[in-house]
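J.: Turn this into a structure:
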Amino acid sequence: MSFHGMWDDLAPVGRASDGGYRRFAWTREDHVLREWFAGEAAARGLALTTDRAGNQWAWWGDPDATPGVVTGSHLDSVPGGGAFDGPLGVVSGFAALDVLRAKGVAPSRPLGIASFVDEEGARFGVACAGSRLITGVLDADKARRLRDVDGVTMADALTTAGRDPNALGRDDETLRRVASFVELHVEQGRGLVHTGDPVGVGRMIWPHGRWRVELRGEANHAGTTPLADRRDPMLDLAAFLAHVRRAADEAGALATVGKLHVDPNGVNAIPSQVTAWLDVRAEDESAVRAVLATLHDYAPAEESWTPVTVLDADLADVVSGVLDDPPRLGTGAGHDAGILAAAGVPTAMLFVRNPSGISHAPAEDADEADCLAGIDALATVLERLLT
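T.: Predicted coordinates for the structure are as follows:
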């Protein structure tokens, strides 16, 4: 099926009236996406495998005989996310395979297309959960205990989805099948807009992490409790937000509080507790640590941490050589490519220009011509690595 056909099939899944997407791991929408991936694999005669974390792999050739070159990305989204973050890489992987077959390329090693589960971590709070699990970065027991906002554990969600939560864990068998990984992704910024190029090559991924902060108060009646007698954690939240913003600005970092849980969350009740999730990123780890150093009074609990990831320089040189030296970009966004790279898999990234520069929002965009240029670039890189 063509790029357009695949894109049109995916477009309605989990889409809201404002154009944003809600595609969370192990939900009905996720099931539809997994069925779509399986269908695309079957339509091409590819062998479909699923690893211990539930990541899907479609293989052209036998990776147990010879480790293969893999491309792909993820299909889940943040709440209200855009259409391109993740799915562009998966669709482009299938489309690039079609290009190679149409050219009559006879690969000397297998080609795999991967769809990683729960890359955004939107439901259970840990980004790149699927790749972290198979590389052993995320402990399986911890993963099973993770809860969504409704109190559903990952173990329960997996059981409801028809999977065995006890299967979670490091998957060396799957990792042995991957000789190298090339992830195509929409750019989450405007670097390529400024250079005028449709496609760029990844250089490194900034260090980044997530922390949870609990702010405790005392529940009481909104209409009968004098202001002087209140212990309102929402005021503590306001102070925390202002503090984080100042600390990030002084350190040269990016800090965001984008998720809150208020208990009991009633319009006429003073909250008893507010839980805030903090995301901090910077080009240099010392800047992230500088922000965290100012938060001792808030006792932040680390939920995930990814150190700086320098993508494979030799592979980047190969990619740049076959693509006539496109721009090399660093990124503050995390990716499964970074998790695999940290685990020792030679990894490269391609970025497709985003004219809006917006990501994780409905305005995330990529022109059709640039998407097609990305597919051509990916196919060119894969052909070089496969032959």
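J.: where do the helices sit along the protein?
T.: 3-10, 28-43, 87-102, 129-135, 140-145, 154-160, 172-176, 191-195, 233-251, 285-293, 313-322, 336-342, 368-386 (DSSP state H).
J.: Okay, strands next: where are they in the stretch 151-300 of the chain?
T.: 178-186, 199-205, 208-216, 220-221, 254-263, 269-270, 273-281 (DSSP state E, counting those that start in this stretch).
J.: I'd like to know which elements the longest one is packed against.
T.: Under the contact definition 3 or more C-beta pairs under 8 Å, 6 or more residues apart in numbering; DSSP states H and E, strand 254-263 sits against helix 233-251, strand 273-281. The C-beta positions use only the backbone N, C-alpha and C, and glycine is treated the same way.
J.: any idea which of those is most buried?
T.: Compared across these, strand 273-281 shows the largest average neighbour count, a mean of 21 (mean count of other C-beta atoms under 10 Å).
J.: Which strands or helices does it pack on?
T.: So strand 273-281, by 3+ C-beta pairs under 8 Å, 6+ apart, packs with strand 208-216, helix 233-251, strand 254-263, helix 285-293.
J.: D279 - nearest residue in space that isn't next to it in sequence?
T.: Spatial nearest neighbour of D279, chain neighbours left out: T256 (4.6 Å); criterion: C-beta to C-beta, 6 or more residues apart in numbering.
J.: ok, the one you found to F181 distance?
T.: 28 Å (C-beta to C-beta, to the nearest Å).
J.: who has more neighbours, the two?
T.: Neighbours were counted for T256 and for F181 using other C-beta atoms under 10 Å; F181 has more, 26 against 14.
J.: Identify the residues contacting that one.
T.: Contact analysis of F181 by C-beta atoms under 8 Å, 6 or more residues apart in numbering lists V69, V70, T71, A114, A337, L340, A341, V345, P346, T347, A348.
J.: Can you report how many residues lie near the fifth one?
T.: Using other C-beta under 10 Å, A337 is surrounded by 29 other residues.
J.: nearest spatial neighbour of it, skipping sequence neighbours?
T.: E183 (4.0 Å).
J.: Tell me which residues touch the one you found, please.
T.: E183 sits in contact with T71, G72, S73, G89, H335, D336, A337, T347, A348, M349, L350, where contact means C-beta under 8 Å, 6+ apart.
J.: Need those residues in TSV (columns: pLDDT and distance to T49).
T.: Formatted as TSV, the contacts of E183 follow (pLDDT from 0 to 100; distance: C-beta to C-beta, whole Å):
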residue	pLDDT	distance to T49
T71	98	16
G72	98	13
S73	98	17
G89	98	19
H335	96	21
D336	97	16
A337	97	20
T347	97	20
A348	97	23
M349	97	23
L350	98	24
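J.: can you tell me which of these are in strands?
T.: T71, G72, S73, T347, A348, M349, L350 (DSSP state E).
J.: Not counting sequence-adjacent ones, nearest residue to the last one?
T.: This points to L350. Nearest one to L350, counting by C-beta to C-beta, 6+ apart, is L184 at 4.5 Å.
J.: Give me the local confidence score for the residue nearest to A337.
T.: Looking at E183, its pLDDT reads 98.
J.: May I have the beta-bridge partners of it?
T.: Here E183 sits in beta bridges with M349, going by DSSP bridges.
J.: Give me the distance between it and L378.
T.: In terms of C-beta to C-beta, E183 sits 10 Å off from L378.
J.: Overlap in contacts, those two.
T.: T71, L350.
J.: Name the residues that touch stretch 284-301?
T.: Counting by C-beta under 8 Å, 6+ apart, 207-209, 211-215, 240, 243-244, 247-248, 250-253, 255, 278, 280-282, 307-308 sit against stretch 284-301.
J.: How about the contacts made by P362?
T.: So, once contact is read as C-beta under 8 Å, 6+ apart, P362 ends up touching D18, G19, G20, G80, G82.
J.: I should have written D64 there, sorry.
T.: Per C-beta under 8 Å, 6+ apart, neighbours of D64: R177.
J.: And the pLDDT for it?
T.: For D64, the model assigns a pLDDT of 97.
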